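> give me the fold of what follows.
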Amino acid sequence: MSVTAKVFQRPTWLEIDLENIRHNVRCYARLAGPTCQLMAVVKADGYGHGAVEVSRAALQAGATRLGVALVEEGEELREAGISVPVHLLFEPPPEAAPKVLELGLTPTVYTEEYAEALSRACASRGAALPVHMKVDTGMHRVGVAPAQAVRLAESLRRLPGLELEGVYTHLAMASQPGHPFTAEQLRVFEGVIAEMQRKGIEVGLRHVAASGAALSLPASRMDMIRLGIAMYGLLPGKDYQGSIDLRPALSLRTRICHVFRARKGEGVSYGLTYRCPRDSWLAVLPLGYADGLSRSLSNRWEVLIGGRLYPQVGTICMDLCMVDLGEDRYAPGEEVTVVGGCGEESIGVERMAELLGTINYEVVCDMGKRVPRLYLNRDAGGEAESG
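Now for the predicted structure:
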């Protein structure tokens, strides 16, 4: 299977290795064991990788549920024919309740107002809907306060059409293994669960851990792991390096579109921020900050051509960037790796996030929608296909 068989009008593309997605899911499935479910989190278009394709690969590898942030994201999965439980991880406006029911999504509930809207939607159709209650154990973003959790759970039990299927929370410091606040959040959550059980409330699925805590705090795995960033082969925090065999799924590649000779001292691109230290061949690449190569990386990034690293030079433009080849010369059409996958981590997502002073999540989510996705589906025996 070769990407050279795929022709793009602008030769810039993202390669998404679906077998690496499956590999990463299998690693967590083995870690979790047979009694713990995996929810594959595919919000934000699968962290930029493609929600539908990633969902199918994750389900093939052992995930049983999917997680999204928006009703529209759940609708995309349903329209693609995906029928497994799809969790809506945040409350949309109450007026979205009928659509949530129509799509058969599994909503998160943490307010009475939204719970009542869901119940009215169920009553209007004579339907029932499983819901998961989210408890704010200290992250202070969304969730019902621990002191109000039992009251909300009792309301859910009384409201027609609603069935409490699970209770969960989200951890604020799990990117740092062993942080004491993670253990404190788990303690608070366990206290809420114990109080609900004392009141005779069936809590169903308990879930706390995402990619990081599932590795560093086994007690947090409970009945389900919400697998997000690690599914894409990226670290849930820099201190997790080497703790599990993750394989990055994403690579950004392009082809040289123009080559020219620049003389010593001549400037390159907007602002002339780079001056050639010697006579050099410069290559122009047909991608820029509109495609996910941040302008902040100008004169700070490297690309891989013919097995060698070359510096990106000059200000990165919206659509183009330049590379200093020195005395090497490549013809237009030569393949270039701009962000590498497995085995090319010196120019990988983790390194880019470090240089930008951000997190790997943001880097992959920023990969532009105008860059076509090419899916490598080795384990399934399929051909490469664009998306």
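> tell me the buried residues in the longest helix anywhere in the chain?
For the chain, the helix reaching the highest residue count under DSSP state H is reported as helix 180-198. Going by neighbour count (16 or more other C-beta atoms under 10 Å), the buried part of helix 180-198 is Thr182, Ala183, Gln185, Leu186, Val188, Phe189, Glu190, Val192, Ile193, Met196. All C-beta atoms are positioned from the backbone trio N, CA, C, and that covers glycine.
> could you pull up the mean pLDDT of it?
Helix 180-198 shows a mean pLDDT of 98.
> how far out from the middle of the chain is it?
Relative to the mean C-alpha coordinate of its chain, helix 180-198 is positioned 27 Å out (C-alpha atoms, centre = their mean, to the nearest Å).
> go on, stretch 93-108?
Its chain's average C-alpha position is 23 Å from that of stretch 93-108, according to C-alpha atoms, centre = their mean.
> quick check: end-to-end length of it?
With C-alpha to C-alpha, to the nearest Å as the measure, stretch 93-108 spans 12 Å from end to end.
> sec struct for Ser124, please.
On the three-state scheme (DSSP: H, G, I helix; E, B strand; the rest coil), Ser124 is labelled helix.
> near it, how many other residues are there?
Applying other C-beta atoms under 10 Å, we find 12 other residues in the vicinity of Ser124.
> next one: Pro34
Per other C-beta under 10 Å, the neighbour tally for Pro34 reads 8.
> now Phe260, nearest residue through space, not along the chain?
Across the structure, with C-beta to C-beta, 6 or more residues apart in numbering as the measure, the residue nearest Phe260 apart from its sequence neighbours is Leu282 (5.7 Å).
> brain fart, Leu152
The spatially closest residue to Leu152, leaving aside those adjacent along the chain, is Val144, at 4.9 Å (C-beta to C-beta, 6+ apart).
> circling back to that earlier point, and the longest helix of the chain, what does it pack onto?
Counting by 3 or more C-beta pairs under 8 Å, 6 or more residues apart in numbering; DSSP states H and E, the packing neighbours recorded for helix 180-198 are helix 146-158, strand 162-168.
> ok, which of those comes nearest Thr106?
Ranking the helices and strands packed on helix 180-198 by proximity to Thr106 (C-beta to C-beta) places strand 162-168 first, at 7.0 Å.
> just checking: what are the partner strands of the closest one?
Neighbouring strands of strand 162-168 in its sheet, by DSSP bridges, are strand 129-134 (parallel), strand 205-207 (parallel).
> would you mark the buried spots in it?
Within strand 162-168, the residues scored as buried using 16+ other C-beta under 10 Å are Leu162, Leu164, Glu165, Gly166, Val167, Tyr168.
> how about the residue nearest to Phe260, what does it touch?
When contacts are counted by C-beta atoms under 8 Å, 6 or more residues apart in numbering, Leu282 is found next to Val259, Phe260, Arg261, Ala262, Val268, Cys276, Val313, Met322, Val323, Asp324, Leu325.
> with Ile305 instead?
The contact partners of Ile305, by C-beta under 8 Å, 6+ apart, come to Ile256, Ala283, Val323, Leu325, Tyr330, Glu334, Glu335, Val336, Thr337.
> now which of those residues would you call buried?
Buried residues within these, defined by neighbour count using 16+ other C-beta under 10 Å: Ile256, Ala283, Val323, Leu325, Tyr330, Val336, Thr337.
> check which helix or strand covers the second one.
Taking DSSP states H and E as the definition, one finds Ala283 inside strand 280-285.
> sheet partners, orientation included, of that strand?
Sheet partners by DSSP bridges: for strand 280-285, these are strand 258-262 (antiparallel), strand 321-326 (antiparallel).
> ok so, going back, for Ala29, find the nearest of the strands paired with strand 162-168.
strand 205-207 (15.1 Å).
> after that closest one, next one along is what?
Next helix or strand after strand 205-207 toward the C-terminus (DSSP H and E): helix 211-216.
> returning to that earlier point: among the contacts of Ile305, which one sits closest to Tyr47?
Nearest member of those to Tyr47, counting by C-beta to C-beta, is Thr337, at 19.9 Å.
> what residues go with each domain of this structure?
Domain segmentation of the chain under automatic domain parsing yields 36-233, 250-386.
> may I see those organised as a markdown table, with distance to Arg30 added?
Compiled in a markdown table, the domains of the chain are given as follows (distance: least, C-beta to C-beta, whole Å):
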| stretch | distance to Arg30 |
| --- | --- |
| domain 36-233 | 9 |
| domain 250-386 | 16 |
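> and those, which one averages the lowest pLDDT?
Taking the average pLDDT of each of the domains of the chain, the minimum falls on domain 250-386, with a mean of 93.
> and it, how far out from the chain middle?
Shown here is domain 250-386, whose average C-alpha point lies 22 Å from the average C-alpha point of the whole chain (C-alpha atoms, centre = their mean).
> with stretch 164-180 instead?
Mean-position distance between stretch 164-180 and its chain equals 17 Å (C-alpha atoms, centre = their mean).
> hang on, the earlier thing: any idea which of the buried ones among the contacts of Ile305 is the one closest to Thr12?
Checking the buried ones among the contacts of Ile305 against Thr12 by C-beta to C-beta gives Val336 as the nearest, at 9.3 Å.
> what's the next secondary structure element after the helix or strand that closest one falls within?
Assigning secondary structure by DSSP H and E places Val336 in strand 335-339. Downstream of strand 335-339, the first helix or strand assigned by DSSP H and E is helix 349-356.
> now what about that next one, what contacts it?
The list of residues contacting helix 349-356 from outside it, by C-beta under 8 Å, 6+ apart, reads 234-235, 238, 248, 250, 294, 296-297, 300-301, 339, 345, 359-360, 362-364.
> just give me the residue closest to the centre of this structure.
A centroid search over the chain (C-alpha atoms, centre = their mean) returns Tyr47, at 3.0 Å, as the residue closest to the centre.
> Tyr375 versus that residue, what's the distance?
Tyr47 sits 15 Å away from Tyr375 when distances are taken as C-beta to C-beta, to the nearest Å.
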